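> next input, structure requested:
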Amino acid sequence: MLCQFTFSNYRSYRDEVTLSMQASSIKELSHSLLACGDNQSFLPVAAIYGPNAGGKSNLLDALGYVQSAVSRPIYALMSDREAPEGSMARLSRCSPFAFDAVHADMPSDFEVYYRVEEYEYRYALSVSASKIVSEGLWRRKLGASRAAMLFEREEERVGELQFDDPVSVIPLYEQRPRDRASGGKLVPRLRLSQLQQLLSRASSRGNA
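This is a model prediction of the structure:
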């Protein structure tokens, strides 16, 4: 269940914007809300309205970009488990706010809060053009005050996922040459076998 989506420096949005699904204290139609174990309620649906060229589509595009960045390697793995490593399509190019010179060279930041059963997750993604600058996932049990880090990676270690166990590092990318049309440059390619290991670990943690 989506709880909150925040992003900045994406297309027509320069400053931080938040789409919150948390319900207000208004009692009207309270029976239709999604209630959670920590006494918080969320909206089952939301409407985005405004003038033409007001940014409605770009807000949905921002949410879609995060969905694509997360699901692309998973769908590639599920659709063809026998596919050669490195065969997954590259991350789509991100479009930062382009109406000033400063933000055009800065990364776009995305943050999603969502809930699954008795846990609330926070996923953060920072992307510069088509390169991931940082990424992380945290989990908090409903009612608890502290969140546990599930994985985190930064630009200098963009090919690895660092779990809360300090010795648990899974390399997800390797350098492989492109074809001759690209001049034979080295580019990062996803290791599908390592991604499968990651998904297995995430599943076991979720059942713990």
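> mind listing the strands for the chain?
Here the chain has its strands, by DSSP state E, at 2-8, 17-20, 34-35, 41-42, 108-116, 119-128, 131-141, 148-154, 160-163, 169-171, 173-177, 186-190.
> quick one: list the elements packing against the third one.
Read that as strand 34-35. Contact partners of strand 34-35 among helices and strands, from 3 or more C-beta pairs under 8 Å, 6 or more residues apart in numbering; DSSP states H and E: strand 41-42. Glycine gets a C-beta too; all of them are placed from N, C-alpha and C.
> which residues are contacting the strand it packs on?
Applying C-beta atoms under 8 Å, 6 or more residues apart in numbering, the contact partners of strand 41-42 are 1, 3, 21, 22, 23, 30, 33, 34, 35, 36, 115.
> thinking again about what came up before, got the strands of the chain as a markdown table, with distance to residue 66 columns?
Supplementary listing: those in a markdown table, determined by distance: least, C-beta to C-beta, whole Å:
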| stretch | distance to residue 66 |
| --- | --- |
| strand 2-8 | 8 |
| strand 17-20 | 12 |
| strand 34-35 | 21 |
| strand 41-42 | 19 |
| strand 108-116 | 5 |
| strand 119-128 | 6 |
| strand 131-141 | 11 |
| strand 148-154 | 16 |
| strand 160-163 | 17 |
| strand 169-171 | 22 |
| strand 173-177 | 20 |
| strand 186-190 | 18 |
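> closest one to residue 61 among those?
With C-beta to C-beta as the measure, strand 2-8 is the member of the strands of the chain nearest residue 61 (10.1 Å).
> now for the contacts of strand 41-42: which two are most distant?
30 and 115 (18.7 Å).
> give the buried residues for stretch 111-122.
111, 112, 113, 115, 120, 121, 122 (16 or more other C-beta atoms under 10 Å).
> just the buried members of the contacts of strand 41-42?
3, 21, 23, 36, 115.
> biggest helix in this structure, by residue count?
helix 56-79 (DSSP state H).
> what is it packed up against?
Counting by 3+ C-beta pairs under 8 Å, 6+ apart, helix 56-79 packs on strand 2-8, strand 17-20, strand 108-116, strand 119-128, helix 192-206.
> residue 61 contacts residue 7, doesn't it?
No: with contacts counted by C-beta atoms under 8 Å, residue 61 stays clear of residue 7, the gap being 10.1 Å.
> those two: which is more packed in?
Set side by side, residue 61 and residue 7 show more neighbours around residue 7, with 23 against 14, by other C-beta atoms under 10 Å.
> just give the closest residue to residue 136, not the sequence neighbours.
residue 152 (3.9 Å; C-beta to C-beta, 6 or more residues apart in numbering).
> separation between the closest residue to residue 17 other than its chain neighbours and residue 19?
The spatial neighbour of residue 17 that comes closest, neighbours along the chain excluded (C-beta to C-beta, 6+ apart), is residue 7 at 6.2 Å. In this view, residue 7 and residue 19 are 9 Å apart by C-beta to C-beta, to the nearest Å.
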